[in-house]
Structure formats: C-alpha cells, structure tokens
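Q: sequence and computational prediction follow.
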Amino acid sequence: MSYLEQLETIDRFYQEHEDDKKAEVVAALKKVHVALLKSPDDLKVFYDKTQAICGGIYIPYLFWMELIKFLDHPVNSQLMFDLIQAFANSNFEEEEQNNMKPLLSVYFKIERPFNVDKIKAYIVDKSHPQVRYYLRSILQLVEADAKAIDVYKEKVLMLKRYFPNFETLKLPLSQLKEELQ
C-alpha cells in the first residue's frame, strides 16, 4: 500500500473513532513519516496531506521537525508560516495546543520581526477568536518571559536528534539532562 493510501486509511480510521484512537493515529502517522524521511519529494506531499487529515492532529510533529531545521538554517519561513496557518485552521484541540506552545514560543522568539508581523496580520488577526487568543498569548509570553523561552529552546536543541516526543519535551530541564546522559 502506498503512503498516500496509508494516509487515507488513517484518516478514515480517525473519522470513525475520533478521540479514543488519537494515540494509534499518531503512531501510524509517525511510522509513515519515518519511512519517508529519506525521500524529500514524498515527504513534501506527506506534509501537505497530513496537515489536512485527522483534524490537524499531526501538525505539532511536523512543526517540531521543521523548527529543528529552522534553528540550524533560518531560511524557510514560508513552510513555518504554512504550518502555523494549518494549525490555526485545524480542530485546535487542547493537546495540540499544549504541544505547540513551546515550539511556537521558540519560533516566534528567533524569527525575524517582519515575518512575525506577517503571521500576526495574515493568521492571528484573521483567526477564530479562540485561536487568536491562544496565538496572542504565546506572542505575549515571548515578549514577557525570555528566560522561559530560552529553556524551551534549550530543550528543543537537546532533543533535535530525536523524533518528536512531547512527553520528553515536557520534562523539567534538569530531568531531561539526566535522561539524555
């Protein structure tokens, strides 16, 4: 079965089972994602398709992978913009919001002000009120608590060699350092 057929199957499965099968859906998407890591063309299609299926459940994982690349080479702002827009248009559930918070915080801190202003104008200001409130609160956090964002960044950098794992990212910094030694 091709990866596109796998994505369709995963999406149908999610539509039938919704919340009680989130972990299984994410695990299935991770499996396809890992299989495509060495195929840039297929990976691009995977990113495009995955943003729209399963209510956007996998967007935090895609954003994590791109944030790691962006930290090393901050040039592909358009892909980051597209992922934030997809997130803003997703089902926007609490788990995904919690997963995206540290990633978005780091991104907003390191991105050029021009691009952050573009995100504010084209995504934040035009979003559903709940999404607007969430994104503005992250932007305010970035301005108000640079130390917390530095901790998020350090944790992301420590985990950059690993496939996205939000449970590990949530660990306190000292515990994360211990676990990675």
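A: Thanks, I have it.
Q: pLDDT score assigned to the spatially most central residue of the chain?
A: Closest residue to the average C-alpha location of the chain: P60 at 2.3 Å, with C-alpha atoms, centre = their mean. Here, the pLDDT recorded for P60 equals 97.
Q: correct me, but it touches N165?
A: No: using C-beta atoms under 8 Å, P60 makes no contact with N165, being 11.0 Å away. All C-beta atoms are positioned from the backbone trio N, CA, C, and that covers glycine.
Q: the residue nearest to the centre of the chain is in what secondary structure piece?
A: Per DSSP states H and E: P60 is located in helix 59-72.
Q: one step back: overlap in contacts, P60 and N165.
A: Here P60 and N165 have no joint contacts, going by C-beta atoms under 8 Å, 6 or more residues apart in numbering.
Q: coming back round to it: any figure for the gap between the nearest residue to the residue nearest to the centre of the chain once chain neighbours are set aside and E8?
A: If you skip the residues right next to it in sequence, P60 has N99 as its closest partner in space, 3.8 Å away by C-beta to C-beta, 6 or more residues apart in numbering. Taking C-beta to C-beta, to the nearest Å as the measure, N99 and E8 are separated by 24 Å.
Q: and if you look at V25?
A: Relative to E8, V25 is positioned 13 Å away (C-beta to C-beta).
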